[in-house]
Every structure is written in C-alpha cells, then in structure tokens.
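**Q** Generate coordinates for the sequence data below:
(chains A and B)
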There are 2 protein chains.
Amino acid sequence: MKSDRIEFFGAAAGGAIFDIIRREGPISRAQLVRSTALSKSTISLHVDRLLKVGVIKEEALQTDSGPGRRSLLRFAADRGIVVGIELGVTSIDVAVCDLEALVLASHSEALDIARGPVPVLTRAYEIIETLLSEVKQEGGSLAGIGIGLPGPVNRTLGSVVSPPIMPGWDRYPVRDEVTTHFGVPCFVDNDVNVMALGEARAGSARASESFLFVKIGTGIGAGLVIDGQLYRGFKGSAGDIGHIGIDGETTRCSCGNRGCLEVVAGGGAIARKGRELAESGASPFLSETAARFAAEDPPREITAVEVGIAASQGDTAALELVIESGRHVGSVLAKLVNFFNPEMVILGGGTVNIGDAFVAAIREMVIRRSTQLATVDLVIRRSAFGEQSGMVGAALMVVDELFSTRAVTEMVREFDG
Amino acid sequence: MKSDRIEFFGAAAGGAIFDIIRREGPISRAQLVRSTALSKSTISLHVDRLLKVGVIKEEALQTDSGPGRRSLLRFAADRGIVVGIELGVTSIDVAVCDLEALVLASHSEALDIARGPVPVLTRAYEIIETLLSEVKQEGGSLAGIGIGLPGPVNRTLGSVVSPPIMPGWDRYPVRDEVTTHFGVPCFVDNDVNVMALGEARAGSARASESFLFVKIGTGIGAGLVIDGQLYRGFKGSAGDIGHIGIDGETTRCSCGNRGCLEVVAGGGAIARKGRELAESGASPFLSETAARFAAEDPPREITAVEVGIAASQGDTAALELVIESGRHVGSVLAKLVNFFNPEMVILGGGTVNIGDAFVAAIREMVIRRSTQLATVDLVIRRSAFGEQSGMVGAALMVVDELFSTRAVTEMVREFDG
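**A** Next up is the predicted model:
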C-alpha cells in the first residue's frame, strides 16, 4: 500500500523510474513511457535528472532501421563496487562485485566463527583489502559492505542476538565496527535471508514472485520472498524452520526444545547418526571409513558428506539414513507449502549435495503430503548458484539498500535542492 | 516544476490521496500536506477534484481556537451501499452495509449449501431484495456485492473449484450470475480470506501489519495478511492449513490424504469423537445427552457444542477430547508461527467457542513449541467480531475493489476527461 503511494508523487517519481530501469534495463525511453503510462516529456525530464545524478547511464544503440538517435538506459553498475561476505560456521566467502553483483574478485577460506568477532573480522578486513587492491583499476570506489551471519540477526542493532553456536558474538556491533573501519555503510542479515535475496535477484528464482529458499547445512533455515521482497516477520524471525518440532522426536536441541527439525535431519544430525552407524557396524562402508579417518593425522570424523558417499555406493543403512532425513525435511516443507503456496522451493546449503536420494525424498514428501492445488505447478529445485549465493546475496543486499527507491529519491531531491 | 508534476501525475496522485483519506480520515488538508510532502496548493487541487467526483466529503469542524474555515475530509461512506454475504456449509449471513462496512441491515438463516447453486442463490436474492427495501430511504444505490464461499475459489473464474463438500458448485459461475442478476459488480473469495479481510480492516487486527486469521469450524482454514493485504499464494491456496498432515494420524480425509488437521481436530472431528465417547460410555455426560437427543422429534446428534458443554461440566473424557483437539491445532500453529513470525494470531469460527480449555490448549502448544523470538510479543486472541466477520469482510472486499487506488485514479481521469 505504502509503496504504491510513493510512486505517484512528483518528487519520488524519479526514484520509481530508476527502479524500473535498474530491474528491467537496458530499456528505452519509449519502453518507459509504455510501462509507466507517463508522457514522453515527463519521462525525459526524470531520465535527464537521473543521468545527471549518475545512477543510470545511456548506451548508444547501433541500428539501421530508422532515423534519429536510439539509445538504451541502464543502471550505472560500474559506478562503484560493493563487498559481499558470507560468514559460515567454519568458513568465510568474500566477493568484490560491481553494482549488478557481477563478481570481480573473490576469496574463500576455512575460518572458525567460534574464534570470536575480533579475530574473525580482522581476518575479513585483510581479505577485503587484498581483493580491493586486485580490482583497483577496474571498479569505482567502495560503496558499501554486506555481511550474512549464521545466526539470528537484529537488524536494528546490526548484530547477532543470542546465537547458539557463535560464542562471543552476542550483540557484538558487527555493522558499526565494519562501518567505522572502512568508512562506508555496512548492512547485516542472517545468512539464509542473504542467500534468498541472491536467488531472488540473480539466481534460480529471478522470475519468481514468491518463493521459499531452504538452506540445509549443519542447521536448517528458510528465507521467504514475497513479491520479490524478503519477508522477515514481526520480530525478524520468519523462516526459522530449523526449530519446527517433529512430532514423536525427542532429541534435545540447542534451543532448549526437543525434536527440532535441524537436530533430527540437518547436516549435523546426519553426521551424528552416520557415526552411530559406523560404531554399531550397521553400515560396513561407514565403519571402514571411520577406521581410515581415525588413522589419519590429525584424525577426522565422519560428516554428512561421507554418509552421502556411502549411500551412493549402495550402503543400505546409509541410504536409509539419507532418505529418512530427506523425508523429515520434506514432511515439514509439505506443511509450509500447504500454508504458503509458493511458486518455487529452492534447496540450498551443503547438505543438499549429499546425494540425489536426499532431494528425491524431500520432493516425494512435499508432493505426497501437500494439497494438489499447492503442488500442481510447484517447482522444487536445487539452487543453481551453489557456493556463491551467500556472498553475492550479501552484495545485492548492499545495492538494494543504497539504491532503494527511497534512497534514489533522496539523491534526486538533494540534486534539485 | 511543480505545475508539470500536477499536470502529469494528476489522476494517479488523486487516487493516492483518496487512499490516505479513506484509511486515515477524518483528516485535515494540513495533515495531508504533512503526510504526502506535497504543497498546500497541490493538495487543494486534488481534494477539490475528489470532492467533485464525489468519493470524499467535507465536514465543517466547530472550533474556537482560531480564525478561518476549518474542516475535515473523509471517505463518502454514505455514497452507496454494498452487500456482503457469507455462505457457510449450513447457513447464510447477509449484510447491507455502508461503504465503511457499518451494517445497516442483516439477516441470517439456516441454508444447506448442498442444495446446489441455483436454489441457494435464489434464496440469497430474496434475502438481498428484502434487506435492500428495508434500507431504501437510508443509503445510496447498490454499488456491489461480495460473497465468501466455503471452498477453494478461483477468482479468475469467479467460482469455486473442486469443492469437497459443495455438490453442484464446481465451476458454477457465481460471480457472473450475481453480476447479471443485480447489474452491479460482484466479487467472490473463500470464506476464510473474507473473514481475515474483515479482521484486518474492521476487527481485532486493525492496527496489525501482518497476522494470521485461523477459522476453526467444521473445517479448518487460515488467511494470511501481510502489510495489510491478503496474501493468496501462487495458486490462491495459501492458508489451506486444514490439510496439513498430523504425523502419526491415519483418519481418512475427504481430500484423499490421511490424518489432515481438520479431520483430526476440526469441529466435525470433535463431534464424531464425542459420539464415540457417548456410545462407549466413556463420557457419562455425553451418553446421557445422546440418549436425550435420540428421543427428540426429529432426533438430533451430538455436535462439538455438546462436547464443549460436557467439558465445561467437568466430564473428564470430553475435557480430554477438547484439550487434545486444541493441542493438535496448536501444534500446527506453532510450526506456522516459527515459519511466518506473525504479530498476531486471531482465532475465529464456531469451534473456538466450545470452551476456554480449547483456546488455552492451542495457546499452550504455540508458546511451548515455537521459538522464544517468535512468541515473545505474539498476541493470540479470539476474534472480537464473532459471527459478523464473514459478511462484513465480504462487504469490505467490495469496497476495497471499487475504491482501490487504481479505480479512483480512473474515476478522476474520466472526470477530467
């Protein structure tokens, strides 16, 4: 309702027109006239101002088909660069992108988030500086930094709040520290929201109005996108599906409840159950792997990856574990599909890669246990983005914030002022 | 510059300003200047046009506090009347309302929807005609008719599609038949969406941006309101929570699946289980009631109402049934609260009135089984609207459609034309 309103009023029309150019460009002035129902002269007036502000640019179009100047308008994506960071529980991914989230340079490495905010951010700063020096000649100046964090994020505070697996991070002012360090705006959100944003703007769901992004890694979470916008819920906890209870399950979860989805069927749960199969001898493949891992220096433990390999090698117990875990996830998603009736469900996170049987079991349960109307044209697919969705989504979050309709309206207003 | 804007954005700005007056009025011109950031002269120009089109009206304001004319602007709610109808499975409720959904006259009676569309609509026409003749002197002319239907509605077709409990209604062109009969626009939606709309605009959730309305009657369904707008989902089936599966339950549902929420814990399920308690003798109170009902002419059967009475009288088996049913509903709602993080959950429908124990059991499960962040400020309450929410919501649906920003923009444009 409010956004409808804004578009109609004079001062904000420039911002609204910019928004169309950013999302649909390259686009001609004539197309803008058609899609806004504004007059040619009004469009010209706003476009000229946006060109002067520098948020769009004009590209000459070579054509033989008629007289007169032809050109297309597009977002000035080379106007600056942004940094997108995905902090995982055990890893960091950093990308330097242009304003359309094209990756100019990136770096990933193992990093234990439990080391605490100061060591982790210090290492992040080093990585950012190195990447920035690499792309120095190409991009414009640094416009902002976005960070996806693996815990519940309070966006007002700009920090994680009571994260179960991030010792030392509770209420640490991540956003403000990074803003101070680099002197540019920083935006933070939880990793799943950031990934969903990446899918909505640049990934599998680009054409989808409303979808559900589900990340299955050590933990399980979801991001809801409605009309192309992230829906965060009343307190910002929308999509927190890892703590949905599985009836009849009693395993204790870090949240204090029992039988939460992620402690029953997440990557950590699959690893734990895989180790049990190895110890009991129920899975010869996993027993053999565990013995081999134990002899390594340093010794390793079985993870969900090895359970997936065992399943794909025909190990019956491992395959059953993979299918049972997929069914638990699918059973919860079936309920959410009935409730939310999305156009698409996108599965991301490391654990979806443990084998086709896992995704097949999820899909089977969703189809079997949702209403026909909710599933008849439902698309369930793996993220086409793979490892990049977090850092690219974090970069897109920055661009969305810096070039929101409201922000561009302000730029135009100041320019006029 | 400003005159350009007025010229080019005239009609659309008029629609947007009308929208503010409808939602926030009575409102002064000065308040409109503040909330739109438009100039006083621009506001005056638009307001004058809206007054001439007749969609708003002006009220003189008596005041001693200063010189000059003072007046407030408001939606011209007496400009016409609308009819809102809630068709239930066994009842019809019809209201004639002004454009702010104030009920001018209403009528409710028992009506079996299984009689089919022609007899049911014929009876609805008679009721509407009678009510219209009652309010003839008061309201303006009939502007439109809204109908809530107890089944899955395809809004493009204007009919119900494959309804499980409405023989003869499948794809019957309800909207077009009613439009033809009265010569005014008709709008249809499912009953739960219409009730949710009533709550959002005139009921318990008036100040709430995002909430969940849950109707528990013979069946169970939900309406999702996000930023004050109904969210219908990709195929219009969002909120279809009655067919969410309860793990471990195997009762066959009319949808073809087993163990759906509504067949386990809806009003029909409670009645069925109550009759079993009466037959087995497990509930002395219900056995006695059943015997008394069987002796009546015509004989009656126990419903959820009698189970509620038995429970409130201290009948242990009936109380256990009520609590168990509430817990099933609460267990599903807990999952949805985790996923959706609403500001409010409003419980409506006849079955929520069978006793406080039912609502208490729902609340207990939601609080116990959702994350703390999702429940810390969550309000769970019964609808304050009672029986009226369906017909009033249906009337509001008509007003929303007839006086949408887009529709009023068109009116202004035609007036200027």
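**Q** What count of nearby residues applies to the closest residue to A:E306 other than its chain neighbours?
**A** The shortest distance from A:E306 to any non-neighbouring residue, by CB to CB, 6 or more residues apart in numbering or on different chains, is to A:T289 (5.3 Å). For glycine as for every other residue, the C-beta is placed from the backbone atoms N, C-alpha and C. Neighbourhood size, A:T289 [other CB atoms under 10 Å in any protein chain shown]: 21.
**Q** you'd agree A:T289 is up against A:L277?
**A** No. With contact defined as CB atoms under 8 Å, A:T289 does not count as touching A:L277 (10.4 Å).
**Q** how close does the residue nearest to A:E306 sit to A:T303?
**A** 10 Å (CB to CB, to the nearest Å).
**Q** Kindly report the same for A:E320.
**A** To A:T303, A:E320 is 18 Å away according to CB to CB.
**Q** what's the answer for A:A271, then?
**A** As for A:A271, its distance to A:T303 is 5 Å (criterion: CB to CB).
**Q** quick one: the biggest helix by length in chain A to helix B:316-340, angle?
**A** Identified as the longest helix of chain A according to DSSP state H is helix A:316-340. Taking axes from the mean of the first three to the mean of the last three CA atoms, to 10 degrees, one finds that helix A:316-340 is oriented at 90 degrees with respect to helix B:316-340.
**Q** Quick one: neighbours of the residue in the stretch 251-400 of chain A that chain B sits nearest to, just the number.
**A** Closest contact between the stretch 251-400 of chain A and chain B, by CB to the nearest CB, is at A:N341 (2.7 Å). By the measure other CB under 10 Å, the count of residues near A:N341 is 25.
**Q** Let me see the contact set for it.
**A** A:373-374, B:232-240 (CB atoms under 8 Å, 6 or more residues apart in numbering or on different chains).
**Q** Export these to TSV and append columns for neighbour count.
**A** Shown next, in TSV, are the contacts of A:N341 (neighbours: other CB atoms under 10 Å in any protein chain shown):
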residue	neighbour count
A:L373	22
A:A374	26
B:R232	19
B:G233	21
B:F234	22
B:K235	20
B:G236	20
B:S237	24
B:A238	23
B:G239	28
B:D240	28
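**Q** next helix or strand past the helix or strand of chain A with the lowest mean pLDDT?
**A** The helix or strand of chain A with the poorest confidence is helix A:2-8; it has a mean of 40 (mean pLDDT, DSSP states H and E). Following helix A:2-8 in sequence order, the next helix or strand is helix A:10-24 (DSSP states H and E).
**Q** Show me what that next one packs onto, helices and strands only.
**A** helix A:2-8, helix A:29-36, helix A:40-53, strand A:56-60, strand A:71-75, helix A:405-416, helix B:2-24 (3 or more CB pairs under 8 Å, 6 or more residues apart in numbering or on different chains; DSSP states H and E).
**Q** Tell me which of these sits nearest to B:D247.
**A** Among the helices and strands packed on helix A:10-24, the nearest to B:D247 by CB to CB is helix A:2-8 (40.0 Å).
**Q** Where does the stretch 101-250 of chain A get nearest to chain B, which residue?
**A** In the stretch 101-250 of chain A, no residue comes nearer to chain B than A:G233, which is 2.7 Å away by CB to the nearest CB.
**Q** Contacts only, for that residue.
**A** A:239, B:210, B:340-342, B:374.
**Q** circling back: give the single residue among the contacts of A:N341 positioned nearest to B:H181.
**A** Proximity of the contacts of A:N341 to B:H181 was ranked by CB to CB; the top entry is B:G236 with 24.8 Å.
**Q** so where is chain A shaky, pLDDT-wise?
**A** Low-confidence segments of chain A (pLDDT under 70): A:1-12, A:37, A:62-69, A:137-139, A:417.
**Q** how deep is A:A278 tucked in, by neighbour count?
**A** Neighbours of A:A278 using other CB under 10 Å come to 27.
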